[in-house]
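[1] Predicted structure and sequence below. I'll ask about it afterward.
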Amino acid sequence: MATTTSTRTLLRVVSSLLLAITATMLSVGYAQAETTVAGRDSVLHAAQQSTISVLLADDHIVFRSGMRAVIGAQPDIHCVAEAPDVFTAISEIQRLRPDVAILDLDMPGLDDPAAIASVAALADTTRILTLATGETEQNLYRALQLGISGFLTKALPSQDLISAIRAVARGDALIDPRLTRNLVSRLSYGIEPFPAAPEVDTLTTREHQVLLLMAKAYTNPEIARTLGVGEQTIKTHVSNVLAKLGVRDRVQAVVYAHTRRVVPLETV
């Protein structure tokens with residue numbers, strides 16, 4: 001059963017990646033430029049033809065209110081509902097069938113496998129836009145499991161959010177191709193490209209740097225020169241890394257770093 005679930009998840013991610021790679025629209029900036037060239041008159045004309053219905057789902061009410069205010073100022077976009085968590089969002093999407101649903105990727109409940117599957121099933125009729133605090137491959141992977149049409153960060157300007165809503169509503173995909181290329185490389189390693197590595201969170205910033213250099217086969221003297229510290233200090237860091245990761249020796253630490261994908265893939 002677990003294998004079947006993992007396979008379905010992988011197929012959903014690959015499907016979304018193919019959409020992102022083959023779509024004619026791959027960046028919010030392009031969508032914004034297109035909207036600017038078209039001018040406000042064309043937007044008003046579009047508003048007369050149809051209105052884009054949007055659901056906002058975010059557990060931070062202030063941020064949610066800000067998005068609603070921005071959307072409310074648009075003649076062609078209408079916010080039909082808000083949700084503070086993923087389960088409310090799923091219920092409202094099923095009830096209202098909005099054109100676009102904007103989901104906070106860090107919203108409570110969005111790590112639940114059943115919730116992920118439910119959102120992905122709704123993506124066939126409602127375009128899913130996710131907002132993340134960071135534009136990372138891991139966040140993109142989490143978002144792709146939802147069957148998204150767009151992956152955005154919370155730092156984007158409000159006008160780009162509006163452009164993104166319009167773009168996905170007309171069937172375009174908004175996923176940075178740089179992230180998709182690297183994620184495709186990760187997926188080639190297996191079903192789960194981001195296996196859990198909770199022990200890494202216990203490392204200090206310096207210990208994490210030491211682990212990455214160990215994984216690149218650097219010796220202690222080489223690590224010391226690279227980081228500009230003494231060799232004895234590096235030996236102390238290595239000992240701490242081994243203890244925190246729960247491994248016996250340096251070789252096991254390197255294996256841990258690679259099998260848990262702690263070592264970043266080289267940019268393709």
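    Yep, it's here. Residues are numbered from 1 along each chain as shown.
[2] so what does the helix or strand residue 236 falls within touch, helix or strand wise?
    Counting by DSSP states H and E, the element that carries residue 236 is helix 231-245. Contact here means 3 or more Cβ pairs under 8 Å, 6 or more residues apart in numbering; DSSP states H and E; on that basis helix 231-245 packs against helix 205-215, helix 220-227, helix 250-259. From N, CA and C alone the C-beta is placed, and that goes for glycine too.
[3] those helices in this protein, which residues are they?
    2-22, 28-49, 61-72, 86-96, 113-122, 137-144, 158-169, 177-187, 205-215, 220-227, 231-245, 250-259 (DSSP state H).
[4] These: lowest mean pLDDT?
    Lowest mean pLDDT of the helices of the chain: helix 28-49, a mean of 43.
[5] Near residue 134, how many residues? Count them for me, please.
    Counted by other Cβ atoms under 10 Å, the residues lying close to residue 134 total 12.
[6] Skipping its backbone neighbours, what lies nearest it in space?
    residue 153 (6.8 Å; Cβ to Cβ, 6 or more residues apart in numbering).
[7] tally of neighbours for the one you found?
    17.
[8] Specify the beta-bridge partners of it.
    residue 132 (DSSP bridges).
[9] Look up how far residue 260 lies from it.
    25 Å (Cβ to Cβ, to the nearest Å).
[10] Likewise for residue 50?
    From residue 50 to residue 260 the distance is 48 Å (Cβ to Cβ).
[11] Looking at those two, which is more packed in?
    It is residue 260, of residue 50 and residue 260, that has more neighbours when counted by other Cβ under 10 Å, with 16 against 10.
[12] Isn't the more buried one up against residue 201?
    No - judged on Cβ atoms under 8 Å, residue 260 makes no contact with residue 201 at a distance of 11.7 Å.
[13] how about the closest residue in space to residue 61 that isn't next to it in sequence, what does it touch?
    Excluding its sequence neighbours, the residue lying closest to residue 61 (Cβ to Cβ, 6+ apart) is residue 84, at 7.2 Å. Residues near residue 84 by Cβ atoms under 8 Å, 6 or more residues apart in numbering: 57-59, 61, 64.
[14] For those, could you give me TSV that also reports distance to residue 119 and neighbour count?
    As requested, the contacts of residue 84 are exported to TSV (distance: Cβ to Cβ, whole Å; neighbours: other Cβ atoms under 10 Å):
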residue	distance to residue 119	neighbour count
57	10	27
58	14	24
59	15	16
61	21	10
64	18	19
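[15] Same list (those) but as JSON lines, adding distance to residue 165.
    Output for those, formatted as JSON lines (distance: Cβ to Cβ, whole Å):
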{"residue": "57", "distance to residue 165": "14"}
{"residue": "58", "distance to residue 165": "15"}
{"residue": "59", "distance to residue 165": "20"}
{"residue": "61", "distance to residue 165": "20"}
{"residue": "64", "distance to residue 165": "15"}
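[16] Distance of residue 132 relative to residue 57?
    Taking Cβ to Cβ, one finds residue 132 at 13 Å from residue 57.
[17] for residue 138, that is, sorry about that
    20 Å.
[18] Quote the end-to-end distance of stretch 121-131.
    End-to-end span of stretch 121-131 (Cα to Cα, to the nearest Å): 19 Å.
[19] Tell me the buried residues in that stretch?
    122-123, 126-131 (16 or more other Cβ atoms under 10 Å).
[20] of those, the lowest pLDDT goes to which?
    Among the buried residues of stretch 121-131, residue 123 has the lowest pLDDT, at 86.
[21] measure the residue lying closest to it once chain neighbours are set aside to residue 230 for me?
    Counting by Cβ to Cβ, 6+ apart, the nearest residue to residue 123 once its immediate chain neighbours are dropped is residue 147, at 3.2 Å. Applying Cβ to Cβ, the value for residue 147 to residue 230 is 52 Å.
[22] How about residue 149?
    From residue 149 to residue 230 the distance is 52 Å (Cβ to Cβ).
[23] These two: which is more packed in?
    A direct count of neighbours by other Cβ under 10 Å for residue 149 and residue 230 places residue 149 higher, at 27 against 10.
[24] Can you report phi and psi for that one?
    Main-chain dihedrals, residue 149, degrees, to the nearest 10: phi -110, psi -20.
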